[in-house]
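J.: Kindly return the folded structure for what I paste below:
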Amino acid sequence: MGRTAKYSEQDMLDAALELIAEDGAHAATAVAVAKRLGAPSGSIYHRFPSRDLLVATLWVRTVQRFQRGFLDALASPDPRIAAERAVRHTLDWSTAHPTEAKLLTRHRREDLIALWPDELGDELRTLNDDVARAVRGFAAARFERVDSATLGRARLALIDLPYSAARLIIREAAQPPWLMRSVLAASAAVLEADADASAGGDGAAA
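T.: Coordinates of the predicted model:
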């Protein structure tokens, strides 16, 4: 029977995150992670042959952790409460986790799939599936139909507007006191706008 690894993959990712918080993504090398953990560098290289794969895996974990709170917020049966909670989650999470929030802006899922088709491909291909289903469910509950117009409004209100605000939080290294109120108001306005006045015709959603 082989020996149980002293340091798990999660330990390695935690150490990498600490290094990134201190000195940036370039600092998360296998040697630096090993030194932080007090582990032989070979054990890190065995799991993560390159720094880029280490950071990409950390990116995936960060997305998944962010999404858990987002999905919990959208689980409210009242669409208005769900929308407010989802917006608050994105802004509050970005404020509370500045290193992780900045990390999320560094990569695109499609780029990582191309770079790591064997190591991360399967995980990346389904990474956003739960969020997509939740947004469709929200659109059905809020608008009583799911089509290109209602999905577009839901995505703008729940994802695009809060993500833009999160980038401001990252740049400012803080959440401006006016930001939450403004984004909540903008998100609500998108969801409450008269769909007939704003849509030039609804196409069936893919």
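
J.: tell me the domain boundaries of the chain?
T.: 1-49, 61-194 (automatic domain parsing).

J.: Quick check: mean pLDDT of the shortest one?
T.: In other words, domain 1-49. The average pLDDT within domain 1-49 is 88.

J.: ok so, going back, now mean neighbour count and distance to Val55 too, for the domains of the chain, in CSV please.
T.: The C-beta positions use only the backbone N, C-alpha and C, and glycine is treated the same way. Listed next are the domains of the chain as CSV, based on neighbours: other C-beta atoms under 10 Å; distance: least, C-beta to C-beta, whole Å:
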stretch, mean neighbour count, distance to Val55
domain 1-49, 16, 6
domain 61-194, 16, 8
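
J.: mean pLDDT for those domains: which is lowest?
T.: Note on these: lowest mean pLDDT is at domain 1-49, with a mean of 88.

J.: can you give me how far it is from the chain middle?
T.: The gap between where domain 1-49 is centred and where its chain is centred comes out at 23 Å by C-alpha atoms, centre = their mean, to the nearest Å.

J.: Ok, stretch 117-130 next?
T.: Averaging C-alpha positions (C-alpha atoms, centre = their mean) puts stretch 117-130 14 Å from its chain's average.

J.: Which residue ranges of the protein form strands?
T.: Using DSSP state E, the chain contains no strands.

J.: Which residue, other than its chain neighbours, is closest to the residue most central in space within it?
T.: Taking C-alpha atoms, centre = their mean, the centroid of the chain lies closest to Val63, which sits 3.7 Å from it. Distances taken as C-beta to C-beta, 6 or more residues apart in numbering place Leu127 nearest to Val63, at 6.1 Å, with adjacent residues excluded.

J.: Could you double-check that the one you found sits in contact with Val60?
T.: Yes - using C-beta atoms under 8 Å, Leu127 is in contact with Val60, at 6.8 Å.

J.: so what's Arg47 up against?
T.: Arg47 makes contacts with 9, 12, as judged by C-beta atoms under 8 Å, 6 or more residues apart in numbering.

J.: Please tell me how far it sits from Leu19.
T.: Distance, Arg47 to Leu19, by C-beta to C-beta, to the nearest Å: 16 Å.

J.: Kindly report the same for Arg108.
T.: As judged by C-beta to C-beta, Arg108 and Leu19 stand 23 Å apart.

J.: ok, back up a step: would you check that the residue nearest to the centre of the chain makes contact with Thr105?
T.: No - judged on C-beta under 8 Å, Val63 makes no contact with Thr105 at a distance of 11.6 Å.

J.: Which elements pack onto the longest helix anywhere in the chain?
T.: Identified as the longest helix of the chain according to DSSP state H is helix 51-74. Contacts defined by 3 or more C-beta pairs under 8 Å, 6 or more residues apart in numbering; DSSP states H and E place helix 51-74 against helix 9-23, helix 30-37, helix 79-96, helix 98-104, helix 109-115, helix 129-143.

J.: Tell me which of those sits nearest to Ala174.
T.: helix 79-96 (7.2 Å; C-beta to C-beta).

J.: If you count contacts, what does the closest one end up packed against?
T.: The contact analysis (3+ C-beta pairs under 8 Å, 6+ apart) places helix 79-96 against helix 51-74, helix 129-143, helix 161-172, helix 179-192.
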